[in-house]
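>>> Predicted model and sequence below, questions to follow.
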Amino acid sequence: AAGVIQSPRHLIKEKRETATLKCYPIPRHDTVYWYQQGPGQDPQFLISFYEKMQSDKGSIPDRFSAQQFSDYHSELNMSSLELGDSALYFCASSLGPRNTGELFFGEGSRLTVL
Amino acid sequence: EDQVTQSPEALRLQEGESSSLNCSYTVSGLRGLFWYRQDPGKGPEFLFTLYSAGEEKEKERLKATLTKKESFLHITAPKPEDSATYLCAVPLTDKLIFGTGTRLQVFP
């Protein structure tokens, strides 16, 4: 079965650079969530989209922006990168925003900021 | 404030040694409690949904239970392949809030 696809899997950037992460949800899933997970930390919710509209927002820095496109894929854009942005970034998808809690997560994108 | 707390932070078990993980929550109007398993460097994988106190769900060596204030994940006769971080989560508006997880290591 198709899963959530994230790219790139690994990304190394310098401070103050920009990075873009992509997420392709499971076919027919219309809701996408972005989470950030630091080493030894629990996943922290960043932002979510339902039907191309932002549905909820968490602790996402102003330097970050995201959007969901007409084909339901989503991109997380991160600018002016800081060392503290180094983390695993997970995308998850579900069918509908007020879901049963069964989110399907991708393998994650590991961002390292040097 | 809505909060999800898990204990213990880490648990080391011998293969076959049963134990329980705890997830306590302070959320008004709970709309379910969810358990996920996460392997190192991987995304969380859904295990169970519990909606009401007294509900139980089972999957292989895992059984999740729910009370009005907490949930337990019971692991019966664990095997080394059960080693992972187990996360519980509750929905808040349109997102899931995760607990800090319990890192389980099962030794042969």
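Perfect, I can see it now. The model shown is predicted, which means the values in this text are computed figures rather than measured ones.

>>> Out of the helices and strands in the chain, which is least certain?
No chain was given, so I picked chain A. Taking mean pLDDT, DSSP states H and E as the measure, chain A has strand A:53-57 as its least confident helix or strand, at a mean of 91.

>>> that answer is for a different chain, and I need it for chain B
strand B:95-98 (a mean of 87).

>>> can you dump the C-alpha coordinates of that strand into CSV?
Once non-C-alpha atoms are left out, strand B:95-98 reads as follows in CSV (Å, rounded to 0.1, in the frame of the first residue of the first chain):
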residue,chain,number,x,y,z
LYS,B,95,-4.0,18.1,15.8
LEU,B,96,-2.6,15.4,17.9
ILE,B,97,-0.6,16.2,21.0
PHE,B,98,2.0,13.6,21.9
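
>>> For it, which helices and strands make contact with it?
Contact partners of strand B:95-98 among helices and strands, from 3 or more CB pairs under 8 Å, 6 or more residues apart in numbering or on different chains; DSSP states H and E: strand A:44-50, strand B:84-92. In this view, the C-beta of every residue, glycine as well, is placed from N, C-alpha and C.

>>> who touches the shortest one?
The set of residues external to strand A:44-50 that reach it, using CB atoms under 8 Å, 6 or more residues apart in numbering or on different chains, is A:30-38, A:54-60, A:64, A:66-68, A:74, A:76, A:96-97, B:94-98.

>>> Excluding chain neighbours, what is closest to residue B:54?
Closest residue to residue B:54 in three dimensions, ignoring its sequence neighbours and counting by CB to CB, 6 or more residues apart in numbering or on different chains: residue B:66, at 7.1 Å.

>>> Can you list the strands that the least confident helix or strand of chain B pairs with?
With DSSP bridges as the test, strand B:95-98 is paired with strand B:84-92 (antiparallel).

>>> pLDDT on the strand it pairs with, on average?
Computed over strand B:84-92, the mean pLDDT rounds to 93.

>>> check contacts around the residue of chain A found nearest chain B.
In chain A, no residue comes nearer to chain B than residue A:105, which is 3.0 Å away by CB to the nearest CB. With contact taken as CB under 8 Å, 6+ apart, residue A:105 is in contact with A:4, A:35, A:90-92, B:43-45.

>>> Repeat the analysis, applying 10 Å as the threshold.
Applying CB atoms under 10 Å, 6 or more residues apart in numbering or on different chains, we find residue A:105 in contact with A:3-4, A:6, A:33, A:35, A:43, A:90-93, B:36, B:38, B:42-46.

>>> Name only those of those that count as buried.
Burial by neighbour count, 16 or more other CB atoms under 10 Å in any protein chain shown: within these this picks out A:4, A:6, A:33, A:35, A:43, A:90-93, B:36, B:38, B:42-44, B:46.
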